[in-house]
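Asker: Output the structure for:
(2 chains)
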There are 2 protein chains.
Amino acid sequence: MPTPDELRRILERYIRHMCESDADGIMQLYADDATVEDPVGANPIRGREALHAFYTAAVPQLMVEITGPIRVAGLECAMPLVAEVTMESGKSYIDVIDIMRFNEQGKIVSMRAYWNPAEMRPQR
Amino acid sequence: MPTPDELRRILERYIRHMCESDADGIMQLYADDATVEDPVGANPIRGREALHAFYTAAVPQLMVEITGPIRVAGLECAMPLVAEVTMESGKSYIDVIDIMRFNEQGKIVSMRAYWNPAEMRPQR
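Answerer: Reported below is the predicted structural model:
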């Protein structure tokens, strides 16, 4: 079973892949039947093909930065972030907390992102 | 349905009640059949009587402080905290993220706390 610090390193890799717009790299961190619910309350998407399409569309406009300690409870993690989103109208910022659940092999089986699209703001 | 800022105010009240060791005040924020999983991975406890006993035992030794923005997604919130725990051996500190789910009446129906008992530390 992965240790807390091993899970943190996987999440730091996830963040690095996000910032490098590397959807393939992100997909290496996921289990085959994983789900993503982003934001929480949206319909979850499931499976390698759907997740790859989701990240391929999302990463070019996203920069993310970890803003505090990653909390670990067993195989689940909570990671505070700020996201910078580049749109035609300019840059927007939003505070996010990602909840990731891992399997015993250290692959992500679910990701749920806590944020509110209505609260994006023009300044960091 | 409660607005994001209304949910934030309820959570700020929760934190205030925690710091004032007011288990009765905390229970006013919960729905009757609510569950608490603290830390995530522990057996959830359920219902007004069990939750009241849990908070009555916990609050005398706890001080908590919000350490970043409360993220809101619909009726779910993610709240970053640091907890100061006073034990016979002295004070310990731990970073926590609480996930709270509310019902449409603005009562908490579930709380899940992300932290790792093995990572408590002597300094803040």
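Asker: what sits against the nearest residue to A:K107 once chain neighbours are set aside?
Answerer: In space, and not counting its chain neighbours, A:K107 is closest to A:A31: 3.9 Å by C-beta to C-beta, 6 or more residues apart in numbering or on different chains. Quick note: C-beta positions are derived from backbone N, CA and C, even for glycine. Shown in contact with A:A31 (C-beta atoms under 8 Å, 6 or more residues apart in numbering or on different chains): A:N103, A:Q105, A:K107, A:I108, A:V109.
Asker: looking at those, which has the most residues close by?
Answerer: A:I108 (25 neighbours; other C-beta atoms under 10 Å in any protein chain shown).
Asker: May I see the contacts of A:A31 organised as JSON lines, with pLDDT and secondary structure added?
Answerer: Shown next, in JSON lines, are those (pLDDT from 0 to 100; DSSP: H, G, I helix; E, B strand; the rest coil):
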{"residue": "A:N103", "pLDDT": "98", "secondary structure": "coil"}
{"residue": "A:Q105", "pLDDT": "98", "secondary structure": "coil"}
{"residue": "A:K107", "pLDDT": "98", "secondary structure": "coil"}
{"residue": "A:I108", "pLDDT": "98", "secondary structure": "strand"}
{"residue": "A:V109", "pLDDT": "98", "secondary structure": "strand"}
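Asker: of all the residues you listed, which comes closest to B:I45?
Answerer: A:V109 (25.2 Å; C-beta to C-beta).
Asker: For chain A, what lies in contact range of chain B?
Answerer: Proximity of chain A to chain B, by C-beta under 8 Å from any C-beta of the partner chain, involves residues A:4, A:39-41, A:67-69, A:71-78, A:80, A:95-97, A:99, A:113-116, A:118-119.
Asker: Please pick the buried ones from these.
Answerer: Among those, the ones that count as buried by 16 or more other C-beta atoms under 10 Å in any protein chain shown are A:4, A:39-40, A:67-69, A:71-78, A:80, A:95-97, A:99, A:113-116.
Asker: residues contacting A:T86?
Answerer: A:Q61, A:L62, A:M63.
Asker: what's the second one sitting at in phi/psi?
Answerer: Okay, so that is A:L62. Per-residue torsions, A:L62: phi -120, psi 140 (degrees, to the nearest 10).
Asker: A:R48 contacts A:Q28, doesn't it?
Answerer: No - using C-beta atoms under 8 Å, A:R48 is not in contact with A:Q28; the gap is 10.6 Å.
Asker: Quick check: pLDDT value at A:D33.
Answerer: Looking at A:D33, its pLDDT is 96.
Asker: er, A:M87 actually
Answerer: 89.
Asker: How about it, nearest residue that isn't a chain neighbour?
Answerer: A:Q61 (6.7 Å).
Asker: Contact partners for the one you found?
Answerer: When the contact criterion is C-beta under 8 Å, 6+ apart, the partners of A:Q61 are A:V85, A:T86, A:M87.
Asker: Tell me which residues touch the first one, please.
Answerer: By C-beta under 8 Å, 6+ apart, A:V85 lies in contact with A:Q61, A:L62, A:K91, A:S92, A:Y93, A:I94, A:M120.
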